[in-house]
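*Asks:* Pasting the sequence and the predicted coordinates here, then a few questions.
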Amino acid sequence: MDSLLVSTLAKLALPAAATLIALVVSRWKGVSWHDDLGLQRPKARMLVGGIGLWLAWVAASEVLIRVYGLDQAKAWPAYPAVILVLRVAAIGLVGPFAEELVMRGVLLDRLRRTALGPMGAIVITAIGWAGMHYAYGPGTLALVAADGVILGFARYKSGSLWVPVAMHALGNLISIGQSLMP
């Protein structure tokens, strides 16, 4: 099998597997997908407000990236159509859902019930999430941590995981769009 296809399928399979594992283990442990993980429909105003806040943050981040010379979205090569579609699905949709399910669904829910409280849980999960993006430089990691705080706050205030999922997916899709521009 073509190595490009294999690596692309791995980008799709790993977050899909993480999602499946998180959902199966949470069900096995008696975790409510609706109440604990936040897999419930958000109020429209929370979704629209979250996306508006996210778009403002993305715009501010772009300014910070340019001013401080931080890591930018790398240009993608001219992938064959099937690879392009699979990569967009993996990075723009499946990956954000898996990351949000684990970080702002499972971990945030568990940590907020400790002495950390909701705000401490938001900060800890944001730092952990930034650590998952260790390949970037320190300035970019700080932006990723700030992303995590905003996503965590959106999850906490909305009560729905779908708000940060939509925000995260939108951010990744914007980055993909930048990577596809000549």
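*Replies:* Arrived safely, thanks for sending.
*Asks:* okay, CA-based contacts and neighbour counts for the rest of this
*Replies:* OK.
*Asks:* And the helices in the chain, which stretches?
*Replies:* 3-28, 44-68, 81-89, 95-100, 108-112, 117-131, 138-158, 162-180 (DSSP state H).
*Asks:* Compare those and give me the one nearest Ala75.
*Replies:* helix 162-180 (4.2 Å; C-alpha to C-alpha).
*Asks:* now the closest one: mean pLDDT?
*Replies:* The average of the pLDDT scores along helix 162-180 is 97.
*Asks:* Please identify the most buried of the helices of the chain.
*Replies:* Comparing those by mean neighbour count (mean count of other C-alpha atoms under 10 Å), helix 95-100 comes out on top with a mean of 24.
*Asks:* Not counting its own residues, what contacts that helix?
*Replies:* The contact list for helix 95-100, computed with C-alpha atoms under 8 Å, 6 or more residues apart in numbering, reads 12, 15-16, 18-19, 161, 164-165, 168-169, 172.
*Asks:* Swap in 6 Å and give it another go.
*Replies:* Among residues not part of helix 95-100, those counted as contacts by C-alpha atoms under 6 Å, 6 or more residues apart in numbering are 15, 19, 165, 168-169.
*Asks:* same deal with stretch 144-153?
*Replies:* Counting by C-alpha under 6 Å, 6+ apart, stretch 144-153 makes contact with 104, 122-123, 126-127, 130, 164, all of which sit outside it.
*Asks:* again, but for stretch 13-22
*Replies:* When contacts are taken as C-alpha under 6 Å, 6+ apart, the neighbours of stretch 13-22 outside the stretch itself are 95, 98.
*Asks:* Redo the helices of the chain as JSON lines? Include distance to Leu37.
*Replies:* As requested, the helices of the chain are arranged in JSON lines below (distance: least, C-alpha to C-alpha, whole Å):
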{"stretch": "helix 3-28", "distance to Leu37": "9"}
{"stretch": "helix 44-68", "distance to Leu37": "17"}
{"stretch": "helix 81-89", "distance to Leu37": "23"}
{"stretch": "helix 95-100", "distance to Leu37": "10"}
{"stretch": "helix 108-112", "distance to Leu37": "7"}
{"stretch": "helix 117-131", "distance to Leu37": "14"}
{"stretch": "helix 138-158", "distance to Leu37": "10"}
{"stretch": "helix 162-180", "distance to Leu37": "10"}
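*Asks:* Which of those helices sits closest to Asp36?
*Replies:* Comparing the helices of the chain by their distance to Asp36 (C-alpha to C-alpha), the top pick is helix 108-112, with 6.1 Å.
*Asks:* next one: that closest one to chain centre, how far?
*Replies:* Counting by C-alpha atoms, centre = their mean, to the nearest Å, helix 108-112 is centred 17 Å from the centre of its parent chain.
*Asks:* on that earlier part again, would you turn the contacts of stretch 144-153 into TSV with distance to Leu84?
*Replies:* Formatted as TSV, the contacts of stretch 144-153 follow (distance: C-alpha to C-alpha, whole Å):
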residue	distance to Leu84
Arg104	28
Ile122	33
Val123	34
Ala126	29
Ile127	31
Ala130	26
Pro164	24
